[in-house]
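In: Here is my input, please return the structure:
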Amino acid sequence: MASTPFLQAIAITKTYPGERIAGLKKTSLSIQPQKITAIIGESGSGKSTLLKLLYGLLSPDEGEMQFKGERIWGPEEKLIPGHDAMKMVTQDTDGLNVYAKVWDNIAVLMPNTDVAAKEERTNQVLKQLNILHLADKQAFFLSGGEKQRVSIARALITRPEVLLLDEPFNQVDTSFREGLQQDIRQIVHDTGLTVIMVSHDPAEVLSMADELIVLKDGEIIEAGHPKTLYQNPQNLYTARLLTNCNILSHQDAAYCGISTKADNIVIYPEWATPTGSWTRKDWAVKQVLFKGSYEDLLVEKKHITLRLLNDQPGKYQVGDKVHIKIGKYLEF
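Out: Okay, here's the model as predicted:
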């Protein structure tokens, strides 16, 4: 007998009428436990709608959401919307009491029936999110990234089985974002927590997620492991979401020496390499975009512009003539 799915959507729809019909078309999916699943898509693709349906903040127009085989109640049926085994964190940290200390903001969600257990659990979550040093600091004086860590700690204090994150790192400085992502991955590893996140940042989902779900106009167009979808996307839409890729028409591809019958050719910046050539240097460097340990080069040949990744900063200058070697491309 097949085991009961952990969290699933069964033929759900949700429509928002208007000039442009939005929401979610008939969708079925299954979320794997103890993994990080990321939902990606353009603005208006239905990402946040799907997240809210999974949590129980919205009721589907059709279909059913189930957690461990039981239907998830919608807001019309539940006094406090949201499944009791789940917690959601958004980029909005207004739920914090800015006049209280960090420790109190987190501990307040635990019952006072066992004070020792309450203190132990609060300190444990503070350590997991690397904010123990902020315990006595008033929330008013926290940075955006620190507030987000406190919000996540508040969500985890009662040991939910599922943590839902809606654009969770928007308020977090780039320098601290990776650390927070690593902390969440470690919590998943240590506790078996299931995380479902919505993000528009390819760097986030590629480094964090175990599974990607790609939404377009309210429909799931593909899903799979981040590495698989990055290297071999089945849709041009997915490739554009996951990297700042070069997209060439059939005619432009032929002009670049690529023989294909496909309508579109996709070349990732790291798949095209500038090289020296004694016989042919037919591309001109138009821009050099410094990125720290690497550079993006914008090279041009007549009407075609390609973005390349150069891992030797300073090697090329604007105006240099180069030859381009294309090692891999995708056909759509």
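In: only C-alpha atoms for contact and neighbour calcs from this point on.
Out: Will do.
In: pLDDT at the spatially most central residue of the chain, what is it?
Out: Nearest residue to the geometric centre of the chain (Cα atoms, centre = their mean): Ser199, 3.3 Å. Reported pLDDT at Ser199 in the predicted model: 89.
In: same thing with Gly276?
Out: 74.
In: from memory Thr275 sits against Val322, does it?
Out: Yes - contact criterion Cα atoms under 8 Å: Thr275 and Val322 qualify, at 6.1 Å.
In: and those two? which has more neighbours close in?
Out: Using other Cα atoms under 10 Å as the criterion, Thr275 and Val322 rank with Val322 on top: 20 against 11.
In: so what's the residue nearest to the centre of the chain up against?
Out: 38-40, 166-168, 205 (Cα atoms under 8 Å, 6 or more residues apart in numbering).
In: redo that, cut-off 10 Å
Out: 38-42, 47-48, 165-170, 205 (Cα atoms under 10 Å, 6 or more residues apart in numbering).
In: In strands, which of the residues you listed fall?
Out: 38-40, 165-166 (DSSP state E).
In: just those residues now: which is nearest Gln91?
Out: Proximity of these to Gln91 (Cα to Cα) peaks at Asp166, which lies at 6.7 Å.
In: Could you double-check that the closest one sits in contact with Lys47?
Out: Yes - at 8.8 Å, Asp166 counts as touching Lys47 under the criterion of Cα atoms under 10 Å.
In: Overlap in contacts, the two.
Out: 38-39, 197-199.
In: top of these by neighbour count?
Out: Among the shared contacts of Asp166 and Lys47, Ala38 has more neighbours than the rest - 27 neighbours, counting by other Cα under 10 Å.
In: Next one: it relative to Val162, how far apart?
Out: 13 Å (Cα to Cα, to the nearest Å).
In: again, but for Thr15
Out: 25 Å.
In: quick one: which of those two has more around it?
Out: More crowded of Thr15 and Val162, by other Cα under 10 Å: Val162, with 25 against 16.
In: Isn't the more buried one up against Gly192?
Out: Yes - applying Cα under 10 Å, one finds Val162 in contact with Gly192, separated by 9.5 Å.
In: Show me whatever sits in contact with both of these two.
Out: 33-35.
In: hey, where'd the helices end up in the stretch 151-300 of the chain?
Out: 174-191, 202-208, 226-231, 236-242, 250-255 (DSSP state H, counting those that start in this stretch).
In: what comes into contact with the longest one?
Out: Applying Cα under 10 Å, 6+ apart, the contact partners of helix 174-191 are 33-36, 125, 127-130, 145-146, 148-149, 152, 156, 159, 161, 163, 168-172, 192-195, 203-205, 207-209.
In: redo that, cut-off 8 Å
Out: Contacts for helix 174-191 (Cα under 8 Å, 6+ apart): 34-36, 128-130, 145, 149, 169, 193-195, 204, 208.
In: Among the residues you listed, which one has the most neighbours?
Out: Val195 (26 neighbours).
In: With neighbour numbers in mind, choose between Asp166 and Lys47.
Out: Lys47 (28 against 21).
In: so that one touches Ile40, yeah?
Out: Yes - proximity of Lys47 to Ile40 meets the contact threshold set by Cα under 8 Å, at 6.7 Å.
In: anything in contact with each of Ala38 and Val162?
Out: Common contact partners of Ala38 and Val162 (Cα under 8 Å, 6+ apart): Ile196.
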